[in-house]
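Asker: Provided below for reference: sequence and predicted model.
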Amino acid sequence: MLTKALRILKPRSIVGASLRRRPFSFSSSSPRLTPGAVSRTTAAAAEIDADDAVAYSDPTESPAAIPIMMQAHLQPRVVVYDGVCHLCHGGVKWIIKADKYRKIKFCCLQSKAAEPYLTVSGVTKEDCEKRFLFVEGLGSYHQASTAALKVVSYLPLPYSALNAFSIVPTPLRDSVYDYVAKHRYNWFGKAEDCLVLKDQELLERFIDRDELIDRC
């Protein structure tokens, strides 16, 4: 009986030892990333530093759609806004003053540098003229009142406390935003060119600064 038991157990122990020595590897269904590109898939995005690359998701994209590869030269936490709007520019100056940790960057809608941010976010220039765009990071972008609240959430206290207005329903917040946006030129005026050109000390916070400087 002992001999019979040993014959039965021996193959199992060999198999167990073989399994312990065998290295395990995990494969992902996500496509292999190519240099200078990031995937829209969640698995791939989780491996990318938000400060080095930005992946964007299309809200109209089918879950079964093939992931689209995007170039990784775009930066996170970028506000794309109407650079000729006096009200908008005043808001940008306020944010720069409050943002002592320099987390937020800016780009004038009228600059060519804004185009890839609009493209990957699925937002047209006309849309952004009505509602500014905040590209927060991996697969995350916002417009209108939600964008404003997301921006202030990155500011230090007491400014970040304004994010408490998130409890107000989005449709109500956006209705107020859209009303002001519709009348902003009449109420606050419109410039011929990007207003930051008159405040060049702010240009260091703009991702399109080189383009703007060339226009001076």
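Answerer: Good, I have the coordinates.
Asker: For Phe132, give me phi and psi.
Answerer: Torsion angles at Phe132 (phi, psi; degrees, to the nearest 10) stand at phi -60, psi 160.
Asker: any idea how far it is from Pro158?
Answerer: Look at Phe132 and Pro158: by CB to CB, to the nearest Å, they are 23 Å apart. Just so you know, the C-beta spots here come from the backbone N, C-alpha and C atoms, and that holds for glycine as well.
Asker: Neighbour count for those two, which is higher?
Answerer: Neighbour totals were compared for Phe132 and Pro158, and Phe132 leads with 25 against 8 (other CB atoms under 10 Å).
Asker: Hmm, the more buried one is touching Val80, no?
Answerer: Yes. Here Phe132 lies in contact with Val80, judged by CB atoms under 8 Å, at a distance of 6.5 Å.
Asker: overlap in contacts of those two?
Answerer: Taking CB atoms under 8 Å, 6 or more residues apart in numbering as the contact rule, Phe132 and Val80 both touch Leu109.
Asker: Now name the helix or strand holding the closest residue to Trp187 other than its chain neighbours.
Answerer: Spatial nearest neighbour of Trp187, chain neighbours left out: Leu87 (7.4 Å); criterion: CB to CB, 6 or more residues apart in numbering. If you go by DSSP states H and E, Leu87 is part of helix 86-98.
Asker: Run through the neighbouring helices and strands of the helix or strand following that helix.
Answerer: Sequence-wise, the next helix or strand downstream of helix 86-98 (DSSP H and E) is strand 105-108. Here strand 105-108 touches strand 78-81, going by 3 or more CB pairs under 8 Å, 6 or more residues apart in numbering; DSSP states H and E.
Asker: In the sheet, which strands lie alongside the strand it packs on, parallel or antiparallel?
Answerer: strand 105-108 (parallel), strand 133-137 (antiparallel) (DSSP bridges).
Asker: could I get the ones you listed as a markdown table with mean neighbour count?
Answerer: A markdown table is the format used below for the strands paired with strand 78-81 (neighbours: other CB atoms under 10 Å):
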| stretch | mean neighbour count |
| --- | --- |
| strand 105-108 | 24 |
| strand 133-137 | 22 |
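Asker: picking that back up, what's the burial count for the residue nearest to Trp187?
Answerer: Leu87: 16 surrounding residues under other CB under 10 Å.
Asker: shouldn't it be in contact with Arg184?
Answerer: Yes. Using CB under 8 Å, Leu87 is in contact with Arg184, at 4.7 Å.
Asker: neighbours of the nearest residue in space to Tyr185 that is not next to it in sequence, just the number please.
Answerer: Distances taken as CB to CB, 6+ apart put Cys85 closest to Tyr185, at 7.0 Å, once the chain neighbours are dropped. The local packing of Cys85 (other CB under 10 Å) involves 23 other residues.
Asker: Low-confidence regions, the protein specifically.
Answerer: The model of the chain has pLDDT under 70 over residues 1-72, 215-216.
Asker: again, only using 80
Answerer: 1-73, 138, 200, 214-216 (pLDDT under 80).
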